[in-house]
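K.L.:
Show me how the following folds:
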Amino acid sequence: MKGFGRYVIFLGSLFVRRETFKTYYNLTLEECAQIGLKSILLFMLVSTFMGAVTTIQTAANLVSPFVPRFVIAQVVREMTVLELAPTIMAVIFAGKVGSSMAGGLGTMRITEQIDALEVMGINSASYLVLPKIIASLLMYPLLVIVAAVCAIMGGYLVGSLTGALTPTEYVYGIRYTFNPYFISFALTKSFMFAFLISSISSFKGYYTSGGALEVGIASTNAVTTSIIAVLLSDYFLAYLLL
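P.N.:
Numbering: from 1, shown residues only. Coordinates of the predicted model:
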């Protein structure tokens with residue numbers, strides 16, 4: 001409870017003694033480039049293979065002759081939109097972006113750069129952390145959309161090349177009984193996961209103490225705590241919104 005209370009106080013400190021809008025605008029653009037542009041290739045690669053593997057495994061287990069083949073595409077669609085794109089990608093996001101945030105802030109803490117900002121009268125938490133959270137909220141949902149498209153396209157390519165189902169059957173299965181609310185649900189989860197990962201990782205890095213060893217420990221703790229928070233919030237969001 002002590003750690004959670006410190007985390008809540010940390011979030012509250014982000015909104016006091018703020019800098020100018022132009023300052024946050026420039027910092028947020030830099031963070032968007034770091035978070036989004038440098039992660040998109042990894043997201044595309046992982047999601048494409050996830051969609052391909054999901055198609056192959058679903059086709060291998062669909063042995064009943066009474067079940068139409070387009071159901072394979074329907075399964076890929078539901079798994080991708082509901083879990084694979086927002087949740088599994090959040091684990092990768094925590095490992096890549098979250099650890100980078102914690103490591104960067106931890107290094108600034110042990111090299112006394114954060115202390116120097118405080119001496120100059122700057123709210124270091126707001127100046128360093130708020131742009132990271134805003135950039136994550138902007139970029140992660142876009143990365144989830146890209147991942148979902150790549151996963152579905154990966155399933156389409158593998159299904160067509162292996163003969164598991166025809167392209168017409170795949171497209172029909174993707175469109176069959178589609179519920180648009182699932183897209184809203186996936187994006188809602190994306191915003192929640194982005195906030196949790198960026199804020200928890202920044203919190204762990206910001207309060208690093210010690211030396212280089214502690215920076216590595218803080219990065220590991222940031223990833224572990226972020227993933228646990230993502231899984232718990234995934235359960236509660238599914239329970240409340242579905």
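K.L.:
The residue minimising distance to the centre of the chain and residue 76, how far apart?
P.N.:
For the chain, the residue sitting closest to the mean C-alpha position, by Cα atoms, centre = their mean, is residue 90 at 3.3 Å. Applying Cβ to Cβ, to the nearest Å, the value for residue 90 to residue 76 is 19 Å. Using the backbone N, CA and C atoms, a C-beta is placed for each residue, glycine as well.
K.L.:
swap in residue 232?
P.N.:
Residue 232 sits 26 Å away from residue 76, going by Cβ to Cβ.
K.L.:
list the buried ones in the longest helix along the chain?
P.N.:
As assigned by DSSP state H, the longest helix anywhere in the chain is helix 124-162. Across helix 124-162, burial judged by 16 or more other Cβ atoms under 10 Å covers 124-141, 143-152, 154-160.
K.L.:
so the residue nearest to the centre of the chain sits right up against residue 230, yeah?
P.N.:
Yes - counting by Cβ atoms under 8 Å, residue 230 is a contact partner of residue 90 at 4.7 Å.
K.L.:
which residues do those two both contact?
P.N.:
193, 197 (Cβ atoms under 8 Å, 6 or more residues apart in numbering).
K.L.:
Do a quick rundown of the helices in the chain.
P.N.:
Using DSSP H, the helices of the chain run over 2-13, 21-32, 40-61, 71-79, 89-93, 99-110, 113-119, 124-162, 167-175, 181-206, 212-241.
K.L.:
Send me the fourth one as CSV with only the CA atoms.
P.N.:
So the one you mean is helix 71-79. Output of helix 71-79 as CSV, limited to C-alpha atoms (Å, rounded to 0.1, in the frame of the first residue of the first chain):
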residue,chain,number,x,y,z
VAL,A,71,-14.8,-19.9,-39.3
ILE,A,72,-11.0,-20.0,-39.3
ALA,A,73,-10.9,-16.4,-40.3
GLN,A,74,-13.6,-15.5,-37.8
VAL,A,75,-11.5,-17.1,-35.0
VAL,A,76,-8.4,-15.1,-36.1
ARG,A,77,-10.4,-11.9,-36.2
GLU,A,78,-11.8,-12.3,-32.7
MET,A,79,-8.5,-13.4,-31.1
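K.L.:
which residues touch residue 148?
P.N.:
47, 80-81, 84-85, 186.
K.L.:
What separation is there between the residue nearest to residue 170 when sequence neighbours are not counted and residue 119?
P.N.:
Residue nearest to residue 170 in three dimensions, not counting chain neighbours: residue 73, with 4.4 Å by Cβ to Cβ, 6 or more residues apart in numbering. According to Cβ to Cβ, residue 73 and residue 119 sit 59 Å apart.
K.L.:
Repeat that for residue 83.
P.N.:
47 Å.
K.L.:
Would you mind telling me which of these two has the busier surroundings?
P.N.:
Higher neighbour count among residue 83 and residue 119: residue 83, with 15 against 10, using other Cβ atoms under 10 Å.
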